[in-house]
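Asks: 3D model of this:
(chains A and B)
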There are 2 protein chains.
Amino acid sequence: MEPRISAVTLGVADLDRSVAFYRGLGLQPEQVVGTQVAFFQFNGFVLCLYADLAADAGIPARGAGLTSLAYNVRAPGDIDAVLAAAEAAGGSVLRPTHDTDWGGRSSYFADPDGHLWEVAWNPSWPIDAEGRTSLG
Amino acid sequence: MEPRISAVTLGVADLDRSVAFYRGLGLQPEQVVGTQVAFFQFNGFVLCLYADLAADAGIPARGAGLTSLAYNVRAPGDIDAVLAAAEAAGGSVLRPTHDTDWGGRSSYFADPDGHLWEVAWNPSWPIDAEGRTSLG
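Replies: Below is the predicted model of the structure:
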């Protein structure tokens, strides 16, 4: 892995409530997709609010504050090497690599404390030479 | 708030285990402070592994995956306006603004889903014009 992420995803129970909260802090979403997900362009990555994070990660719902960090690879074939390294280092693959309905590929692993990492390939979100990801 | 963060902090139970895990993924910490905290320079922010996150945030220990996003302000007097906006928008102040043993000032609030945000002033971590934070 390079020392970078493409997204921080916060699991939310009510997307409208959460978008209103972050608007109250002065943050404006670039995209809101139905009642499922909202995207904010942050400094070199995307902040996502997502109503289905637990299901997307393949885990039962947890209590407050479920969060995932997304490491987007530069080529679709690069995902499995990251998952293999995570397993070799003591992590757990939660959801193997699969095609997504947004046109990319995704997977999830957990670190030894249960922190979620998504390892994904998203052809719509460019990654620059310095590792900064932007909304397409 | 500007659309940026200065740190993502992952609460860990055993710092040595966690540092070994992330080294196994190819990530090298810039600093490891005893058994408490490790810092990795990421793309425009710092990834922290921290053994005392719940106590620092002023909350009881939770289960797996406790995470905090840090919003560092540019001047120490700017923290309270962010906390006031968070409360006005429906968030909860978990720990009011206080001096820290690392020479800055810190506070925590929770969003409506219990996601932790630290609002801090850290004179040792520069923030550039584009909002990118680096280790001092």
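Asks: any idea of the pLDDT on the most far-flung residue of chain A relative to its centre?
Replies: The C-alpha centroid of chain A is most remote from A:G24, which lies 23.3 Å away (Cα atoms, centre = their mean). Looking at A:G24, its pLDDT is 97.
Asks: the closest residue to A:G136 other than its chain neighbours: neighbour count?
Replies: Once flanking residues are discounted, A:G136 sits nearest to A:S124: 3.8 Å by Cβ to Cβ, 6 or more residues apart in numbering or on different chains. For glycine as for every other residue, the C-beta is placed from the backbone atoms N, C-alpha and C. By the criterion of other Cβ atoms under 10 Å in any protein chain shown, A:S124 has 9 neighbours.
Asks: you'd agree A:S124 is up against A:T133?
Replies: No - using Cβ atoms under 8 Å, A:S124 is not in contact with A:T133, being 10.5 Å away.
Asks: and the residue farthest from the centre of chain A, how far is that from B:S107?
Replies: Applying Cβ to Cβ, to the nearest Å, the value for A:G24 to B:S107 is 17 Å.
Asks: one more: A:R95?
Replies: For A:R95 relative to B:S107 (Cβ to Cβ), the value is 35 Å.
Asks: settle it for me: which of these two has more neighbours?
Replies: B:S107 (22 against 18).
Asks: for B:W121, see how far away the closest residue to that one other than its chain neighbours is.
Replies: Leaving aside its sequence neighbours, B:S107 sits nearest to B:T97 (Cβ to Cβ, 6+ apart; 4.3 Å). Plainly put, B:T97 is 9 Å away from B:W121 if you go by Cβ to Cβ.
Asks: what sits in contact with each of these two?
Replies: Residues touching both B:T97 and B:W121 comprise B:79, B:105-106, with contact defined as Cβ atoms under 8 Å, 6 or more residues apart in numbering or on different chains.
Asks: neighbour-wise, which of the residues you listed leads?
Replies: B:I79 (23 neighbours).
Asks: that one: what's it in contact with?
Replies: Here B:I79 is in contact with B:73, B:97, B:105, B:107, B:119-121 (criterion: Cβ under 8 Å, 6+ apart).
Asks: residue contacts, the residue nearest to B:S107?
Replies: B:79-80, B:83, B:105-107, B:119.
Asks: quick one, strands of chain A?
Replies: Assigned by DSSP state E, the strands in chain A fall at A:7-11, A:31-33, A:37-41, A:46-50, A:67-72, A:92-99, A:105-110, A:116-121.
Asks: for the first one, what is the distance to the chain centroid?
Replies: So the one you mean is strand A:7-11. Centroid separation for strand A:7-11 versus its chain: 6 Å, with Cα atoms, centre = their mean, to the nearest Å.
Asks: any residue of it touching chain B?
Replies: Yes - Strand A:7-11 lies within reach of chain B by Cβ under 8 Å from any Cβ of the partner chain, at A:8, A:10-11.
Asks: by contact count, what packs against that strand?
Replies: strand A:46-50, helix A:53-57, strand A:67-72 (3 or more Cβ pairs under 8 Å, 6 or more residues apart in numbering or on different chains; DSSP states H and E).
Asks: any part of the second one near chain B?
Replies: Pointing back at helix A:53-57 there. No - against chain B, helix A:53-57 shows no contacts by Cβ under 8 Å from any Cβ, the least distance being 10.2 Å.
Asks: who wins on neighbours among the residues of strand A:7-11 next to chain B?
Replies: If you count neighbours using other Cβ under 10 Å, the busiest of those is A:G11, which has 26 neighbours.
Asks: what score does that one have for pLDDT?
Replies: pLDDT at A:G11 comes out at 97.
Asks: B:T67: which of the strands of chain A is closest?
Replies: strand A:67-72 (4.2 Å; Cβ to Cβ).
Asks: now do that closest one, average pLDDT.
Replies: Rounded mean pLDDT across strand A:67-72 is 98.
Asks: again, but for stretch A:98-117
Replies: Taken as a whole, stretch A:98-117 has an average pLDDT of 97.
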